[in-house]
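Trainee: Below are the sequence and a predicted model for it; my questions follow.
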Amino acid sequence: MKAGVIGAGAWGTALAQTLASQGEHVRLWALEPDVVSAVNEDHLNPLYLPNIPLSPTVDATGDMADMADRDLLLIVCPAQHLRTIVTGLPAGLPLVLCSKGIEAGSGLLMSEVARQAQPRSPIGVLSGPTFAHEVARGLPTAITLACEDAELADRIAARVARPAFRPYVSDDVVGAEIGGAVKNVLAIACGVAEGAGLGLNARASLISRGFAEMTRFGLARGARVETLSGLSGLGDLVLTCSSTNSRNFSLGKGLGEGKPAGELLANRRTVAEGAFTAPVLREAARAASVEMPVVEAVCALLEDAAPLGAVIDALLARPLRPE
Ligand SMILES: NC(=O)C1=CN([C@@H]2O[C@H](COP(=O)(O)OP(=O)(O)OC[C@H]3O[C@@H](n4cnc5c(N)ncnc54)[C@H](O)[C@@H]3O)[C@@H](O)[C@H]2O)C=CC1
Ligand SMILES: O=C(CO)COP(=O)(O)O
């Protein structure tokens, strides 16, 4: 067992800890030298996953060449950096993509980016309702593992499953990726409802009408409805839309409280992927003639294109229609 994890933010560190939880050796690649030394010397990652003791069998490196002897790599960087990171990897290793987003500029899903960057690597996607700090503490978690090759999916599932970390396999890579990318934008919308004091009815409406948007967009891109209504879609949507533990929900809450988007996004250390995905998703949806009014509303708020009250009024004034 020689797994490696690329990216030592909250999620990469939690995954490394999970894989190492039964004594396996796991190597974690970190961008920041401070993270490398904290993991190696103190078995902690205070920058991104504070107060979680890490197994001494997790070691860290800042040198990608140290990953060449790994037989499986989990890629856990922010979505907009995935192309650069994957291009710099040793060639041909199986890759499990754990980032949630759509690439700006190309509009490509992470698996499409990774296939361009490493054409010889087998690819899987791991995505679902998984707050990093809960997974790192060993709390029960279920997640979708999607690979086009069913045999590869079973092999990777067996490698990453742990007593409280339970992958469900799927061959719908596109569906798993679209669920994870779109839910981040919808979580911003639910955060706005929270920040603006719109109530829990509004949140439930945004979750279910947002899920209708996710489904319309997913089906247009070839996803299957059972994937979208599974762990990586509806499951993650419900989690992320319900708690300030979500960075996307928290960002939305700030917007709903009237704070300017620029101020909320400036100098963030942690990533709120929905802010990057929203405009790319809007373009992709318009190009596919898929209506996504909640996504459009989030974009308007992120771009300061209209006051909060006007954005809410516009959503409520949409024509009445069948569900
Ligand atoms: N935190 C969570 O609970 C979960 C996060 N994810 C996804 O995992 C991905 C990574 O998120 P987190 O681990 O939460 O990150 P984080 O927000 O905890 O940390 C930021 C990460 O970005 C990296 N970074 C900053 N600048 C960079 C650059 N120029 N090039 C490469 N990396 C750079 C940092 O080194 C750090 O690893 C995201 O796509 C996120 O949506 C998925 C499931 C759960
Ligand atoms: O993807 C996540 C949980 O599944 C984490 O959500 P946030 O990125 O909004 O914190």
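Mentor: In hand now; what should we look at? Ligands and ions are numbered 1, 2, ... in the order given.

Trainee: how close does I312 get to T18?
Mentor: 40 Å (Cβ to Cβ, to the nearest Å). Every C-beta, even on glycine, is put in place using the N, C-alpha and C of the backbone.

Trainee: Those two - which one has more neighbours?
Mentor: Counting neighbours by other Cβ atoms under 10 Å for I312 and for T18 shows that T18 has the greater number, 23 against 19.

Trainee: right, and the helix or strand after the helix or strand harbouring the more buried one?
Mentor: Using DSSP states H and E, T18 sits in helix 10-19. Following helix 10-19 in sequence order, the next helix or strand is strand 26-29 (DSSP H and E).

Trainee: interface residues of the stretch 201-323 of the chain facing ligand 1?
Mentor: When proximity is defined as Cβ under 6 Å from any ligand atom, the stretch 201-323 of the chain approaches ligand 1 at 270-271, 273.

Trainee: Ligand 2 next: which of those residues are close?
Mentor: E273.

Trainee: now the residues of the stretch 201-323 of the chain next to ligand 1: which count as buried?
Mentor: Buried subset of these (neighbour count, 16 or more other Cβ atoms under 10 Å): 271, 273.

Trainee: and the stretch 51-200 of the chain, which residues reach ligand 1?
Mentor: So far as Cβ under 6 Å from any ligand atom goes, the stretch 51-200 of the chain lies against ligand 1 at 76-79, 81, 85, 98-101, 130-132.

Trainee: how about the longest helix anywhere in the chain, does it reach ligand 2?
Mentor: Counting by DSSP state H, the longest helix found in the chain is helix 173-195. Yes: Helix 173-195 comes into contact with ligand 2 (Cβ under 6 Å from any ligand atom), by way of 184, 187.

Trainee: Can you name the element that comes right after the helix or strand harbouring A114?
Mentor: Assigned by DSSP H and E, A114 belongs to helix 110-117. Reading on from helix 110-117 to the C-terminus, the next helix or strand found by DSSP H and E is strand 123-127.

Trainee: and that following strand, which residues are buried?
Mentor: 123-127.

Trainee: do the same with stretch 115-133
Mentor: 115, 117-118, 121-133.

Trainee: Which residues lie in contact with the nearest residue to H43 once chain neighbours are set aside in this structure?
Mentor: Once flanking residues are discounted, H43 sits nearest to L54: 4.4 Å by Cβ to Cβ, 6 or more residues apart in numbering. Going by Cβ atoms under 8 Å, 6 or more residues apart in numbering, L54 touches 13, 16-17, 20, 39, 43-45.

Trainee: Between the residues you listed, identify the one with the most neighbours.
Mentor: Going by other Cβ under 10 Å, A16 tops those with 32 neighbours.

Trainee: Check what pLDDT that residue gets.
Mentor: Note on A16: pLDDT of 98.

Trainee: how close does it get to ligand 2?
Mentor: 17 Å (Cβ to the nearest ligand atom, to the nearest Å).
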